[in-house]
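Trainee: The following block contains a protein sequence and its predicted model.
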Amino acid sequence: MKQPLTALALPVLLSASAGAQQFQQVTAFPGTAFWSEGVECADVDQDGDLDIFVADGDGFASAGTQRQNRLWINQHSQGQSWTIVDESIARLGTHTSNAKGVTTGDLDGDGWTDALFANAFSTQLPFLYMNRGAAQPGFFDFEGAARGFTTLLNSGGAAFGDIDDDGDLDVMINDAYNTSAATTRRPRLYRNDGAGFFVEDAAFAATVPLKRGQMDVQLADLDGDWDIDFLGSNKGTTAGSAHYLMTNDGTGAFTDRSNLIASASGNTYEVDLGDLDGDADLDLVFVSLSGFVEGTLRSNLAAGTFNYTQQQTYGADDDNEIALFDHDMDGDYDVVVGSLGSSEKIYANNGAGTMTLAGVIQAQADSTLDVAIADLNNDGRHDIITVQGESGVYTNKFYRNTGAIDARAPVVVAVQADSAAGGSGPWIAKAKIRDQVLDDGVNHVRGWIESIPVSAIANEVAVGFNGAVLPLPASVPAGTLLALRNEGPTSASVQVAGPRPWSGNVAPSATLVVGCVVPGSYAVTTSQGGSANFTVAPGAWTSAQGLHQGGQQYRFATTAPGAGAGTGIARQLRFVDWSGNTTMVALPTLVLPATDTGTPYCFGDGSGAACPCGNASPAGAAAGCLNSLGTAGALRGFGVASIAADSLQLRGSAMANSSALYFQGTTQAGASLGTVFGDGLRCAAGSVIRLGTKVNAAGQSTFPGAGDPSISVRGAVPVGGTRTYQVWYRNAAAFCAAETFNLTNGLSVAWAP
């Protein structure tokens, strides 16, 4: 039965300086309130609003009553603002546990959000819910045991992250919730096979040390080497360090560096991490760092040393939850504290990581165990959700943000992208961002990579601007990198309107690079008064969503079936937060190596293969017979000739006409010498099949190329088979007066399995 939330607004005081955001309690959540210890928001049905998972289940020192796992569905997209209905049983099924945490992400790569509930006291297995996706959006199948979670755990928390950099989300889950005595339980790492099935990593279990009171799990790149490390906060105390810090070698093999974290508290329920001081490394915020006092450990990675220095302590309440949230929209992370005491608190950041109490959110004295930050009514303002447990009246609630709209786009902090690559792809790029909300790795930001093959690697167009002068070209080819250099004396902002709108800032004498991958009409304006329009010509561009690997690091894979060896791929990254703010970053054009695949033969160069009318190429030339232009059509192969990869591309060049037919044979004609055919030699023989026709540009074409990515060169090649290839092309002004066509040389390719 659906139990609706009623839209009742109750005023809530936020005691703070002028200009601080205000919050109003909307109402309690639907249904009976139980002991809740975890909350996370995700758009499970892809209807454009954020739904709410809640982990219910009684017990702190020992198991209490097991409760139904909760899923509350937001009705905003149905035109019912501030209405949420409890559809837990309808969408999840009847499943009860002592749940202490819930985490979400796309585990099987189908584009839909899945969820895992971490259950305490070894009373239930981890509960994994797989979204049915397009077949029934936002409805879930209960598949934990079937997908590899077969061990009873005493879990306080879990996190998803791409531990082994293979493009899917693995699972880290702890196994000693709230234990004060010595324990033999360790956190568990489950590796994803890419389809959402998991195997526990025994090597990790042998490496991770024993620590008591495991409460929280965080996955992020702490040491700056672009792989995902493990940070875990623990309520118990352990000699050496109470908490986990384990660094990853990139393959999922970890080294214990827990000694880098000093903590004198046996009351730490959570640690969160983010860049608090604007130096692009990840600082740590603890509940609690010493006794019941909150505290911040500043990372020194940006200064060249991977360690931490205590920066500040603040507060003195028995608190349970930390979330990072730019509540005053000044571009840095403030701290929201969910408290077991009389009020939730907000600490404002001065931009350098120093926090000052900005105010409290006071509805009633309640025992908050978790907080989520999410824009529930899609008004561009981030609201606060709290869930309660342990003591007092359990009244889960949320607070509407009536302050400033989030108009800040995600900031791209760092990018890792090669400009040259081998093989046939996919090619990987990574980026780290910072946005206005970060809570347990959740930021509600999506990223895409957009790409297009380009024939010219030097595809940059440089434009200097100063004042009202902005001399943009009227049009540019798709894949152009538009380099805008600020030649004025002051910093300038640049706004781009069009199919991919965004804005950026550029310092004096600096250059802002705009990627022109997506075709269409664009308008550019600058704060110096410049304005101009340009058009990006049509092209076969592609877009692929990136994977949020953990800790605001994203991984992108590029494939380009229309690109050939020796050419390139123009790429750009696009990030969009929940408020719709967009950031674009142009990557260096990826250059594909010109490494040939296959063996050219049948050149008509006097080696025994006689061209028909004295039009043989010079001796040693790896090309066919001369055409009316005085050149010889040449055929080369690039990519991987295997049944599995199937990425071979054929490129014909120096052909005399715009029409070209690519074909395949099973043998070499004339014992590798060829037979006369038109102005050239037929070199591919046996069972011949047409692969397809192409229109040449400047006498050159690639097959398959842009516009025909689904066509394979392989044809009906058996495993381990060899095939021959050639290109037939029109040659109206024939070298031999009686003929009107010519051919390239032949190409023999041995196909691997």
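Mentor: Structure's in. What do you need?

Trainee: rest of the way, CA atoms for contacts and neighbours
Mentor: OK.

Trainee: In contact with Glu739, which residues are there?
Mentor: Counting by Cα atoms under 8 Å, 6 or more residues apart in numbering, Glu739 touches 678-679, 732.

Trainee: now those residues: which count as buried?
Mentor: 678-679 (16 or more other Cα atoms under 10 Å).

Trainee: CSV for the contacts of Glu739, including secondary structure, distance to Asp366 and pLDDT?
Mentor: Shown next, in CSV, are the contacts of Glu739 (DSSP: H, G, I helix; E, B strand; the rest coil; distance: Cα to Cα, whole Å; pLDDT from 0 to 100):
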residue, secondary structure, distance to Asp366, pLDDT
Gly678, coil, 90, 88
Asp679, coil, 90, 88
Ala732, coil, 87, 72
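
Trainee: Between the contacts of Glu739, which sits nearest Asp45?
Mentor: Ala732 (59.6 Å; Cα to Cα).

Trainee: Check the gap between that closest one and Asn657 for me.
Mentor: Remark: distance between Ala732 and Asn657 (Cα to Cα, to the nearest Å) = 8 Å.

Trainee: One more: Arg67?
Mentor: Arg67 is 74 Å from Asn657, by Cα to Cα.

Trainee: between the two, who's got more neighbours?
Mentor: Each of Arg67 and Asn657 has its neighbours counted (other Cα atoms under 10 Å); Asn657 has more, 22 against 19.

Trainee: And the strands in the stretch 151-300 of the chain, which stretches?
Mentor: With DSSP state E, counting those that start in this stretch as the criterion, the stretch 151-300 of the chain has strands at 158-161, 170-173, 188-192, 198-200, 214-220, 229-234, 244-248, 254-256, 270-274, 283-290, 293-299.

Trainee: what helices or strands is the second one leaning on?
Mentor: Think strand 170-173. Secondary-structure packing of strand 170-173 (3 or more Cα pairs under 8 Å, 6 or more residues apart in numbering; DSSP states H and E): strand 158-161, strand 188-192.

Trainee: Nearest to Ile384, out of those?
Mentor: Here strand 158-161 is closest among these (Cα to Cα), at 21.1 Å.

Trainee: mind exporting that closest one as CSV, just the C-alpha atoms?
Mentor: Extracted in CSV, the C-alpha atoms of strand 158-161 (Å, rounded to 0.1, in the frame of the first residue of the first chain):
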residue,chain,number,x,y,z
ALA,A,158,29.7,-0.6,2.0
ALA,A,159,30.9,1.3,-1.1
PHE,A,160,31.0,0.8,-4.8
GLY,A,161,34.2,1.6,-6.8
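
Trainee: Mind picking out the helix or strand in this structure with the poorest mean pLDDT?
Mentor: strand 10-11 (a mean of 40; mean pLDDT, DSSP states H and E).

Trainee: do you know which of the strands of the stretch 151-300 of the chain lies nearest Gly551?
Mentor: strand 214-220 (4.1 Å).

Trainee: Walk me through which strands that closest one pairs with, and which way each runs.
Mentor: strand 229-234 (antiparallel) (DSSP bridges).

Trainee: Averaged pLDDT, the partner strand. What do you get?
Mentor: With pLDDT averaged residue by residue, strand 229-234 scores 96.

Trainee: Report the rounded mean pLDDT for stretch 314-329.
Mentor: pLDDT averaged over stretch 314-329 gives 89.

Trainee: Equivalent analysis for stretch 665-676, please.
Mentor: The model assigns stretch 665-676 a mean pLDDT of 76.

Trainee: Could you tell me the end-to-end distance of stretch 632-645?
Mentor: Start-to-end span of stretch 632-645 (Cα to Cα) is 31 Å.

Trainee: buried set for that stretch?
Mentor: Of the residues in stretch 632-645, those buried (16+ other Cα under 10 Å) are 632-643.

Trainee: again with stretch 84-104
Mentor: For stretch 84-104, the neighbour count (16+ other Cα under 10 Å) marks 84-89, 91-93, 96-104 as buried.

Trainee: which ones among those are found in helices?
Mentor: Among the buried residues of stretch 84-104, the ones falling in helices (DSSP state H) are 88-89, 91-92.
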